[in-house]
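Novice: Take this sequence and fold it.
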Amino acid sequence: MQRKAYVSGVAALLAALLAGCTGSSDSGGAADDSNPGDSGTATAVAEPGRYRTLPDPCDVVGEETLDSLLPGIDELTDEERREKAYEGTPTLTFDTDRKVGCRWKVESAEATDHLFVDFERVVSYDGAVSDESEAQGLFATQREAADLPEPTSSESGGDGGTSATDPSGSPSPSPSSSPSTPASGSASASSSSSASPSGSGSGSGSGSTDGTTPAELQPRVLEDLGDEAFLDDELSSSGSTAQRRTVTVVFRTSNVIVRIEYEEQPATVGTVPDSEEMQDRAQNLAAQLADALAE
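Specialist: Sure, this is the predicted structure:
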């Protein structure tokens, strides 16, 4: 009888141990099953950007385009100087897959022209934020910094005002902040035009006869260029009182932001660089670069 009791006790102990192991295994299995699911949700990685590399900025602008943007090249009779002018000067960079740029400068008897082209590939370091979303945020910051002027009520009825009203309204400061806007940055283009000497503004093509800048030449959001784009136009005076115009076009394609700065300073004091002509040249170059990125 004692032996039977002993066997029964051992059997009961083993059954208890097995039950405990089974319960531990089940609970552990449930925990193991939940972790992969949880971690999969938390570590979901956003889509990478479309672009992984950048083009050579000094090679992407063709000689024919440079001839248009930098008329002084035609006056260079020395073949070596001309070739060097076409080559441009690359900007210093430590990662050519992230940011590259190139500068050109050519002097002529009429003016000195500068051209700067910059490519930036935006990469997000947040796994939940895509490269393109990061680029959208950076582009919005640059557009707001440009201080694009609010379209006036008279502009909204025309073709130029219609295209600029909706896009520029959202990123620009509210109308209540407009008194401070014209005093800074890009909006100075129109104020400088109206403040230019009477003898210089009339023949420049940068404004109408009453000193105002036409709506279609105002700094504005651009349509049909990349995913989003804007143009800035600033007229300023150097110490010599010669007026220098800088036209800037910035556009974004996926996770790449391209910036073009086109500047001209006439050699003759009182001459005002033509706004429409410079804007057309800068926009043509921007369209070429956007096409090159799309290939």
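Novice: Quick one: neighbours of the closest residue to residue 294 other than its chain neighbours, just the number.
Specialist: Ranked by Cβ to Cβ, 6 or more residues apart in numbering and with sequence neighbours excluded, the top spatial neighbour of residue 294 is residue 253, at 7.2 Å. In short, each C-beta sits where N, CA and C put it, glycine included. For residue 253, the neighbour count with other Cβ atoms under 10 Å is 20.
Novice: where does residue 253 land on pLDDT?
Specialist: pLDDT for residue 253: 96.
Novice: dump the residue contacts of it.
Specialist: Residue 253 makes contacts with 50-51, 226-227, 290, 293-294, as judged by Cβ atoms under 8 Å, 6 or more residues apart in numbering.
Novice: for these, which one is nearest residue 278?
Specialist: Ranked by distance to residue 278 (Cβ to Cβ), these are led by residue 290 at 18.7 Å.
Novice: what about the closest one, how many neighbours?
Specialist: Neighbour count of residue 290, defined by other Cβ under 10 Å: 19.
Novice: Which SSE is immediately downstream of the helix or strand hosting residue 257?
Specialist: Taking DSSP states H and E as the criterion, the element that holds residue 257 is strand 256-266. Scanning forward in sequence from strand 256-266 by DSSP H and E, the next helix or strand is helix 275-294.
Novice: Quick check: buried residues in that next one?
Specialist: 275, 277-279, 281-283, 285-287, 289-290, 293 (16 or more other Cβ atoms under 10 Å).
Novice: what ranges of the chain fall below the confidence cut-off?
Specialist: Scanning the chain for pLDDT under 70 picks out 1-43, 151-213, 238-241.
Novice: Walk me through the domains of it.
Specialist: The chain resolves into domains spanning 1-44, 63-294 when parsed by automatic domain parsing.
Novice: any chance you could map the helices in the protein?
Specialist: 2-42, 63-69, 79-87, 131-145, 159-169, 188-195, 198-201, 275-294 (DSSP state H).
Novice: Give me the residues contacting the second one.
Specialist: Looking back up the chat, that one is helix 63-69. 73-74, 85-86, 104, 113, 115, 262, 281-282, 284-285, 288.
Novice: Kindly report the same for stretch 276-293.
Specialist: Outside stretch 276-293, the residues that touch it by Cβ under 8 Å, 6+ apart are 51, 55, 60-62, 65, 68-69, 117, 205-206, 217, 222, 225-226, 229, 231, 233, 245, 247-249, 251, 253, 256, 258, 260, 262, 264.
Novice: do that again at 7 Å, thanks
Specialist: Identification of contacts with stretch 276-293 by Cβ atoms under 7 Å, 6 or more residues apart in numbering yields 55, 60-61, 65, 68-69, 205, 217, 225-226, 231, 233, 245, 247, 249, 251, 253, 256, 258, 260, 262, 264.
Novice: Just the buried ones from those residues?
Specialist: Among the contacts of stretch 276-293, those classed as buried by 16+ other Cβ under 10 Å are 55, 60-61, 65, 69, 205, 217, 225-226, 231, 233, 245, 247, 249, 251, 253, 256, 258, 260, 262, 264.
Novice: Check the gap between the residue nearest to residue 217 when sequence neighbours are not counted and residue 55 for me.
Specialist: Leaving aside its sequence neighbours, residue 217 sits nearest to residue 275 (Cβ to Cβ, 6+ apart; 5.2 Å). Residue 275 sits 29 Å away from residue 55 when distances are taken as Cβ to Cβ, to the nearest Å.
Novice: try residue 83
Specialist: In this view, residue 83 and residue 55 are 21 Å apart by Cβ to Cβ.
Novice: One more: residue 124?
Specialist: In this structure, residue 124 and residue 55 are 21 Å apart, going by Cβ to Cβ.
Novice: And residue 234, by the same measure?
Specialist: Residue 234 is 27 Å from residue 55, by Cβ to Cβ.
Novice: swap in residue 112?
Specialist: 27 Å.
Novice: For the stretch 101-250 of the chain, which segments are assigned as strands?
Specialist: For the stretch 101-250 of the chain, applying DSSP state E, counting those that start in this stretch gives strands covering 111-121, 220-222, 228-237, 243-253.
Novice: can you tell which of those strands is closest to residue 139?
Specialist: Among those, strand 243-253 comes nearest to residue 139, with 4.5 Å by Cβ to Cβ.
Novice: now the angle from that closest one to strand 228-237?
Specialist: 170 degrees (axes from the mean of the first three to the mean of the last three Cα atoms, to 10 degrees).
Novice: show me what contacts residue 250?
Specialist: Contacts for residue 250 were tallied using Cβ under 7 Å, 6+ apart; they are 142, 229-230, 257, 259.
Novice: repeat that with 8 Å
Specialist: With contact taken as Cβ under 8 Å, 6+ apart, residue 250 is in contact with 139, 142-143, 146, 229-230, 232, 257-260.
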